[in-house]
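K.L.:
take this sequence and fold it.
(one chain, ligands or ions: 1)
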Amino acid sequence: MWLARVLLAAAALAPSTSGTGNMTNKYEQQRYDGWYNNLAHPAWGATEAHLTRKTPPSYSDGVYMMSGDSRPSPRKLSQAFMKGDDGLASLHNRTAMQTFFGQVVSAEILMASEAGCPIEMHKIPIEKCDDMYDAECTGNKFMPFHRANYDKKTGQSPNTPREQQNSMTSWIDASFVYSTKESWVNAMRSFENGSLKMEGHPVFGMPPHNLMRVPMVNAPAPHLLTKLNPERMYLLGDPRTNQNPAFLVMGIVFYRWHNYQAERVREVNPDWSDEACSRPPGGGSSRRCSPSSCTSTCPPSWGSRRSPTPGTSRIYKIGRAHV
Ligand code: HEM
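P.N.:
Got it, this is the predicted structure:
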């Protein structure tokens, strides 16, 4: 199920019986960009699809302009809801692991917060004497805000209100591990025995640094106000993985898991090519699940409000992609 490609490697562990010397062209391969999982609707769940709507849009002009001018500023709300002591231990001795697994799941099906081009700049007002941003009580501070990328063919008339796009596939197809692009995966592949590049031990080593300058998210560090060298980051499938240590750990664990599975496939099928060990048969016909749609193939625990399409909805992501 989840992380389909990684687990499909396990399915390929059954010894081969049909002389699989060159598996490369003999089975259907799943694409990384989410296209063609549903042959009747090939674009469903693919990258750059619109976020789906469960409710009508509420732009201030009904089409394009940001709403919320009369509402309290996000900073004011953040201070009201989130201010308090940090660094407190869990009362029940829980770790943050599941929280960050949650971040993996959200990253797997959603990336819609990146700024568009050209950048659309807005200002988040800061309260006078805000203890972090206006300690000198000037009253003229604001936080810069970029509106999220959207489909430029929308937002021009009431019939086509502005629609934000999802840069990930909304399928749970391990795009967190493998990215959504063949070229990106190729930068990670060693092209030997189906494994991904690893520094040190082939399974328990570390992913390579991003010396090829794959476009990982590299936001300017707030305390330096400049971008740091992209080559300092680890090269992993999701562009955001270097964002925080716990998320990075999750990325490295799944990256290692690929090499572990590729090694097992290779042991059982020593005559298989690098390609076959990397993407074992079955990848093309596997069941893809989308929690954001909750189609009939998904476990009932994912909710009863089913939608026929597998797109990721705005309800899943409350934040920048709303505006
Ligand atoms: C130290 C931990 C974290 C940091 C520094 C962080 C940082 C960020 C940043 C910078 C964004 C982009 C916001 C924007 O540009 O609008 C974002 C978006 C998001 N984050 Fe986090 N995050 C963290 C943990 C989490 C966790 C634990 C979850 C879920 C359990 C999560 C879920 C999300 C979601 C769903 C989005 C929206 C994604 C999108 O629309 O592209 N984050 N986060």
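K.L.:
any weak-confidence spans in the stretch 201-323 of the chain?
P.N.:
Applying pLDDT under 70 to the stretch 201-323 of the chain flags the ranges 280-309, 313-323.
K.L.:
what sits against residue 154?
P.N.:
Neighbouring residues of residue 154 by CB atoms under 8 Å, 6 or more residues apart in numbering: 50, 160, 161, 162, 163. From N, CA and C alone the C-beta is placed, and that goes for glycine too.
K.L.:
what subset of those is buried?
P.N.:
Buried by 16 or more other CB atoms under 10 Å: 50, 161, 162, 163, out of the contacts of residue 154.
K.L.:
please enumerate the strands of the protein.
P.N.:
49-50, 121-125, 142-146, 165-166 (DSSP state E).
K.L.:
winner for burial among the ones you listed?
P.N.:
Of all those, strand 165-166 carries the top mean neighbour count, a mean of 24, counting by mean count of other CB atoms under 10 Å.
K.L.:
which positions in the stretch 51-200 of the chain make contact with the ligand?
P.N.:
Contact residues (CB under 6 Å from any ligand atom) of the stretch 51-200 of the chain with the ligand: 99, 100, 102, 103, 106, 110, 111, 112, 113.
K.L.:
what about the third one, distance to residue 96?
P.N.:
Put plainly, it is residue 102. Going from residue 102 to residue 96 by CB to CB, to the nearest Å gives 10 Å.
K.L.:
thought residue 310 was touching residue 44?
P.N.:
Yes. With contact defined as CB atoms under 8 Å, residue 310 and residue 44 form a contacting pair (5.4 Å).
K.L.:
neighbour-wise, which of the two wins?
P.N.:
residue 310 (28 against 22; other CB atoms under 10 Å).
K.L.:
by neighbours, which of the residues of the stretch 51-200 of the chain next to the ligand wins?
P.N.:
If you rank these by neighbour count (other CB under 10 Å), residue 111 sits at the top with 24 neighbours.
K.L.:
once you drop chain neighbours, what's closest to that residue?
P.N.:
Computed as CB to CB, 6 or more residues apart in numbering, the closest residue to residue 111 that is not its neighbour in sequence is residue 167, at 4.1 Å.
K.L.:
counting neighbours, what do you get for the nearest residue to residue 162 once chain neighbours are set aside?
P.N.:
Among residues not flanking residue 162 along the chain, residue 155 sits closest, at 3.3 Å (CB to CB, 6+ apart). Neighbourhood size, residue 155 [other CB under 10 Å]: 18.
K.L.:
show the pLDDT at the most centrally placed residue in the chain.
P.N.:
Centroid-nearest residue in the chain, with CA atoms, centre = their mean: residue 107, separated by 2.9 Å. Residue 107 carries a pLDDT score of 96 in this model.
K.L.:
mind listing what it touches?
P.N.:
Going by CB under 8 Å, 6+ apart, residue 107 touches 168, 176, 238, 240, 241, 247.
K.L.:
again with residue 198
P.N.:
190, 205, 206, 207, 208, 256, 259.
K.L.:
from these, which land in helices?
P.N.:
256, 259 (DSSP state H).
K.L.:
now the buried members of the contacts of residue 198.
P.N.:
Buried members of these, counted by 16+ other CB under 10 Å: 190, 207, 208, 256, 259.
K.L.:
nearest to residue 223 among those?
P.N.:
residue 207 (26.3 Å; CB to CB).
K.L.:
verify the stated contact: that closest one with residue 236.
P.N.:
Yes. Counting by CB under 8 Å, residue 236 is a contact partner of residue 207 at 5.8 Å.
K.L.:
what residues are shared contacts of those two?
P.N.:
By CB under 8 Å, 6+ apart, residue 207 and residue 236 have these common neighbours: 188, 251, 252, 255.
K.L.:
those helices in the stretch 1-150 of the chain, which residues are they?
P.N.:
Taking DSSP state H, counting those that start in this stretch as the test, the helices found in the stretch 1-150 of the chain are 4-11, 74-82, 97-109.
K.L.:
hey, which of those helices is tucked in deepest?
P.N.:
helix 4-11 comes out most buried of the helices of the stretch 1-150 of the chain by mean count of other CB under 10 Å, with a mean of 19.
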